[in-house]
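Colleague: Got a predicted structure here, sequence first:
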Amino acid sequence: MIETRELTKRYGRVHAVEDVTFTAVPGRVTGFLGLNGSGKTTTMRILLGLSRATSGQALINGRRYRDLDRPQRQVGAVLEQGLTHPGQSGRAHLITQALLAGVHRRRADELLEYVGLAGVDGKRTADYSLGMRQRLAVATALLGDPPVLVLDEPGNGLDPSGMAWLRELLRGHARSGGTVLVSSHLLAELEQLVDDVVIIAQGRVRLAAPLAELAGGDQSRLRVRGRDPHQLWQAYQQAGAQVSADGEVLYVAGLTAEDAGDIALHVRVPIYELVAETPNLEEVFLSLASGR
Amino acid sequence: MIAVLRSELYRALTVRSSWVSMVGALALGFLFSWFDAEFWSLFAGLGAFGVAVVLTGQHYQHHTTVLLYLGQPHRLRALAAQCLAAVLIATPLAAASGLNLFSLNEGGQYAATLSVVPLIAVFGVAATTVVRKPVWLVGGCVGWLLFVEGMIWRLEGSLPFSSFLRAATGDVQQLVVFGWWTAGALAVAVWAVRRDLTGD
């Protein structure tokens, strides 16, 4: 499990992150969303012991990263755009990391096969495409077969088949009981991948909730078009709904589609259109991330 | 720490630029060993320093320090392993480059130089850990050696490279002085290694 408690990082007067609190639990994929400069990379770096928090805690399985025993067997991380020495081959890079992690070098060969780089493992990583470097980074993260994965923009540079591969890999990891924390700006992709969402803006967590709750939560509304909008408006308001209008179209919050249809029938106003509108992740993200 | 050491040694042997720096150090030392024993000492020392800077600086240059610290989050252990790796690579290189000194009956200078080469390798790792930018460090050191220690002090003072050179001739007092320089650099590195790693 990943847990941050009132995590704060200041650089002089600049508050990079402020009181960031959230959890990412085993068996679920948690999406960490924020605009550039919102504080998500800083949070991840503190979590991984690369930066020190001004105050608060960032814990993995209840311990700080530096206190973990053989950390690469407990946490796999993908940071930046595939960190490698450009003069080293993919295979040599992975063996270097395997030695560091205390893992047998045979595991490096298995992972090169797994991520689809077995045929190019002798090439210098400088000659790799961005997508290939990302695959190598994922292989590096998986070296110790860790239960916790922390990935910062892992989809960058991956083509659609690569994205599908990554999605399946991360979903499979969560299905087998692993914890996955993944940041991305590819919201449509993330929407297909994550179970829980943490949205951070200007260094503060704006929302931490299951994706399903976001889709079916308070922010969903009905789009209603009928013969007499005025009468419908009054009927819905009397039923306790919040109603707004855009020309002939009413937007109704606080009622189910069934209730809205029954009320319209009751007041004998024909309905031409009744659609449940659910805000997608992108809309929710943009409204929260911009501080609106 | 052993895992970091093995990883660092493997990396050094599989990165082309590391090979270039090692071959360069070997060739320069070997070349100057034909001219003069003190020249050899100078280039054996600079070669060891350069190899240490390249091995350590590559991590900062290509941000692989992130991977290093993910594997070994106790940074002092990582620093210790880096120092040891630099010593294990630089010392045999210096030894190999100076074998010709025996034909010149300069065995004493050879032994004295090899006793101080591990120190300058550690000095190089420590300096790189503090500065983090190997190009700046090498440029700064070349300027310092030429203008400050060379032109102003004429390699007579107890400054780092001057004390290294005199220690390499068998001057025990300067060996101690250079030991203090290395210890000082290490002390600053112990503080500096704790700094945040930024994405820059």
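Modeller: Thanks, I have it.
Colleague: can we go C-alpha only for contacts and neighbour counts from here?
Modeller: Fine.
Colleague: The lowest-mean-pLDDT helix or strand in chain B: which residues count as buried?
Modeller: Lowest mean confidence among the helices and strands of chain B (mean pLDDT, DSSP states H and E): helix B:16-33, at a mean of 86. Neighbour-count burial for helix B:16-33, counted by 16 or more other C-alpha atoms under 10 Å in any protein chain shown, picks out B:16-18, B:21-23, B:25-33.
Colleague: Also stretch A:167-184?
Modeller: In stretch A:167-184, residues buried by neighbour count (16+ other C-alpha under 10 Å) are A:167, A:170-171, A:173-174, A:178-184.
Colleague: just the residues you listed now: which is nearest B:E149?
Modeller: Of all the buried residues of stretch A:167-184, B:E149 sits closest to A:S183, with 50.9 Å by C-alpha to C-alpha.
Colleague: ok, and the closest non-adjacent residue to that closest one?
Modeller: The spatially closest residue to A:S183, leaving aside those adjacent along the chain, is A:F32, at 4.5 Å (C-alpha to C-alpha, 6 or more residues apart in numbering or on different chains).
Colleague: need the contact list for A:D228.
Modeller: Neighbour list for A:D228: A:269-270 [criterion: C-alpha atoms under 8 Å, 6 or more residues apart in numbering or on different chains].
Colleague: Need the phi and psi values for it.
Modeller: Here is the backbone geometry of A:D228 (degrees, to the nearest 10): phi -130, psi 90.
Colleague: Now the stretch 101-250 of chain A against chain B: closest residue?
Modeller: At 5.8 Å from chain B, A:A101 is the closest residue in the stretch 101-250 of chain A, using C-alpha to the nearest C-alpha.
Colleague: I'd guessed that residue sits against A:R70; true?
Modeller: Yes: counting by C-alpha atoms under 8 Å, A:R70 is a contact partner of A:A101 at 7.3 Å.
Colleague: Overlap of the contact sets of the two?
Modeller: The contact sets of A:A101 and A:R70 overlap at B:G71 (C-alpha under 8 Å, 6+ apart).
Colleague: so who does A:A58 touch?
Modeller: A:2-5, A:7, A:46-47, A:64 are the contacts of A:A58 under C-alpha under 8 Å, 6+ apart.
Colleague: Turn these into CSV, columns for neighbour count and secondary structure.
Modeller: Formatted as CSV, the contacts of A:A58 follow (neighbours: other C-alpha atoms under 10 Å in any protein chain shown; DSSP: H, G, I helix; E, B strand; the rest coil):
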residue, neighbour count, secondary structure
A:I2, 22, strand
A:E3, 21, strand
A:T4, 21, strand
A:R5, 15, strand
A:L7, 23, strand
A:I46, 25, helix
A:L47, 24, helix
A:R64, 16, coil
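Colleague: Of the buried residues of helix B:16-33, which is the nearest to B:Y110?
Modeller: Distances from B:Y110 to the buried residues of helix B:16-33, taken by C-alpha to C-alpha, are shortest for B:S33, at 10.0 Å.
Colleague: That closest one is in contact with B:G98, isn't it?
Modeller: Yes: B:S33 lies in contact with B:G98 (C-alpha under 8 Å); the separation is 5.9 Å.
Colleague: and for those two, which residues touch both?
Modeller: Common neighbours of B:S33 and B:G98 (C-alpha under 8 Å, 6+ apart) are B:W40.
Colleague: quick one on the thing from earlier: chain B next: which of the contacts of A:A58 are close?
Modeller: Among these, not one lies near chain B by C-alpha under 8 Å from any C-alpha of the partner chain.
Colleague: Mind telling me what element the nearest residue to A:H104 once chain neighbours are set aside is part of?
Modeller: Excluding its sequence neighbours, the residue lying closest to A:H104 (C-alpha to C-alpha, 6+ apart) is A:A98, at 6.5 Å. Take DSSP states H and E as the rule and A:A98 turns out to sit in helix A:90-101.
Colleague: Buried residues of that helix, list them for me.
Modeller: Using 16+ other C-alpha under 10 Å as the test for burial, helix A:90-101 gives A:90-101.
Colleague: mind exporting it as PDB, just the C-alpha atoms?
Modeller: Provided in PDB are the C-alpha atoms of helix A:90-101 (Å, rounded to 0.1, in the frame of the first residue of the first chain):
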ATOM      1  CA  GLY A  90      19.700  -2.400 -23.400                       C
ATOM      2  CA  ARG A  91      20.800  -5.800 -22.100                       C
ATOM      3  CA  ALA A  92      23.900  -4.300 -20.300                       C
ATOM      4  CA  HIS A  93      21.600  -1.700 -18.700                       C
ATOM      5  CA  LEU A  94      19.300  -4.300 -17.400                       C
ATOM      6  CA  ILE A  95      22.100  -6.500 -16.100                       C
ATOM      7  CA  THR A  96      23.600  -3.400 -14.400                       C
ATOM      8  CA  GLN A  97      20.300  -2.900 -12.600                       C
ATOM      9  CA  ALA A  98      19.800  -6.600 -11.900                       C
ATOM     10  CA  LEU A  99      23.200  -6.600 -10.100                       C
ATOM     11  CA  LEU A 100      22.100  -3.500  -8.200                       C
ATOM     12  CA  ALA A 101      18.900  -5.100  -7.200                       C
END
